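Engineer: Pasting the sequence and the predicted model now:
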Number of protein chains: 2
Amino acid sequence: MNDELRRNLALFPIGIVQKLTDLTARQIRYYEQHNLVQPARTEGNQRLFSFNDVERLLEVKRLIDQGLNIAGIKTVLGPAKTASSLLPDPKKEQAERVAQDAKRDLTDRELRERLKQEMLRRPGMQGHNPFNAGDLSRFFH
Amino acid sequence: MNDELRRNLALFPIGIVQKLTDLTARQIRYYEQHNLVQPARTEGNQRLFSFNDVERLLEVKRLIDQGLNIAGIKTVLGPAKTASSLLPDPKKEQAERVAQDAKRDLTDRELRERLKQEMLRRPGMQGHNPFNAGDLSRFFH
DNA sequence: AATCTATGTCAGATTTCCTTACATGCGTTG
DNA sequence: CAACGCATGTAAGGAAATCTGACATAGATT
């Protein structure tokens, strides 16, 4: 219930997130730039990541490893949620998604590739060892 | 089981811990100096706190508010555990405790005060609202 | 060959944190 | 009362971590 809240508490600096995800700072910032995550900021403008952000980055990483590009990942995961916009207006959500779809620059090949990858993944999560290095499932119950 | 592990992951810098506990950096460092917590360090010597550390600090704070001094808190809570010394040798534990008891500098009055406070606290944990600001129980299941 | 994508790397500035030292209010104690 | 110790505040100087912006590049796409 306030589970949502704890997962969204801005807690870690980028250095920790690097270790937790095995991504470089460059990558993390790049993904932020492309709206795959939206970490909070300190007063001094330093990024602060929540558990949700970290998990999200782990998903991004997995999709990257599967060969998706940024546009593909955005489509698969949907836009990043800001910690401050937690319970978003469904209408607005929908509108945003449509708007995004509109300006999306995927080729057909890209699209088919993306869908294939997703289909390959879902069935039973084979190959998705929940105790992979960097996996955060162990952080929650 | 690996619950222990996740709680002991060194994650937050002192700035976050300040906000989480409402303690000043000065206080946190002072408590560390007196072995009430033992946060890990980055390569560059910056403190990194685990959930356990933060919870521990919250307990320290509560005892401080109840009027205990450092020696008293040390006695009530026992010595801080290092993240690296997770499953300590019971013998060593015992030895340490004895050694500590020996050099403890509590007056008798102090001791009685401390015990009274503890007795006042335990029964049903009245007054210990698990949703107090800064309480971390909401971080775990 | 010209572009584009995702990432590496470097530089300069800013923020956060570290240690050390000194100051202070408040009990305790001689 | 004067001296002291405890817990904390505060300031200084330095080091670590992070930030943004710019340029470099390998691999795929056009």
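Structural biologist: Nice, thanks for sending it over. Numbers count the residues shown, from 1 in each chain, chains lettered A, B, ... in the order given.
Engineer: what's the helix or strand for the one residue in chain A that gets nearest to DNA strand C?
Structural biologist: Closest residue of chain A to DNA strand C, CB to the nearest atom of the strand: residue A:44 (2.0 Å). Just so you know, the C-beta spots here come from the backbone N, C-alpha and C atoms, and that holds for glycine as well. Assigned by DSSP states H and E, residue A:44 falls within no helix or strand.
Engineer: That one and residue A:17: what is the separation?
Structural biologist: Distance from residue A:44 to residue A:17, counting by CB to CB, to the nearest Å: 17 Å.
Engineer: go on, residue A:50?
Structural biologist: Between residue A:50 and residue A:17 the distance is 10 Å, computed by CB to CB.
Engineer: again with residue A:9
Structural biologist: As judged by CB to CB, residue A:9 and residue A:17 stand 14 Å apart.
Engineer: Which of these two has more residues huddled nearby?
Structural biologist: A direct count of neighbours by other CB atoms under 10 Å in any protein chain shown for residue A:9 and residue A:17 places residue A:17 higher, at 23 against 19.
Engineer: how close does the more buried one sit to residue B:21?
Structural biologist: Between residue A:17 and residue B:21 the distance is 22 Å, computed by CB to CB.
Engineer: Could you look up the SS state of the closest residue to residue A:80 other than its chain neighbours?
Structural biologist: Nearest non-adjacent residue to residue A:80, counting by CB to CB, 6 or more residues apart in numbering or on different chains: residue A:38, 4.6 Å away. Put simply, residue A:38 is coil when judged by DSSP: H, G, I helix; E, B strand; the rest coil.
Engineer: Tell me how many other residues crowd residue A:38.
Structural biologist: Based on other CB under 10 Å, the number of other residues close to residue A:38 is 19.
Engineer: Check residue A:43 too.
Structural biologist: 6.
Engineer: Same check on residue A:65?
Structural biologist: Residues near residue A:65, counting by other CB under 10 Å, number 8.
Engineer: In contact with the residue in chain A that DNA strand D sits nearest to, which residues?
Structural biologist: Closest to DNA strand D within chain A is residue A:15: 2.6 Å, counting by CB to the nearest atom of the strand. Neighbouring residues of residue A:15 by CB atoms under 8 Å, 6 or more residues apart in numbering or on different chains: A:25, B:42.
Engineer: ok, it to residue B:32 distance?
Structural biologist: 20 Å.
Engineer: pretty sure residue A:72 contacts residue A:64?
Structural biologist: No: applying CB atoms under 8 Å, one finds residue A:72 not in contact with residue A:64, separated by 9.5 Å.
Engineer: Between those two, which has more neighbouring residues?
Structural biologist: Legend: neighbour count by other CB under 10 Å for residue A:72 and residue A:64, higher for residue A:72 (22 against 16).
Engineer: Check which helix or strand that one maps to.
Structural biologist: Going by DSSP H and E, residue A:72 is part of helix A:70-77.
Engineer: cool, residue A:6 as well?
Structural biologist: helix A:3-7.
Engineer: Tell me the helices and strands packed up against that helix.
Structural biologist: Other helices and strands packing on helix A:3-7, by 3 or more CB pairs under 8 Å, 6 or more residues apart in numbering or on different chains; DSSP states H and E, are helix A:51-65.
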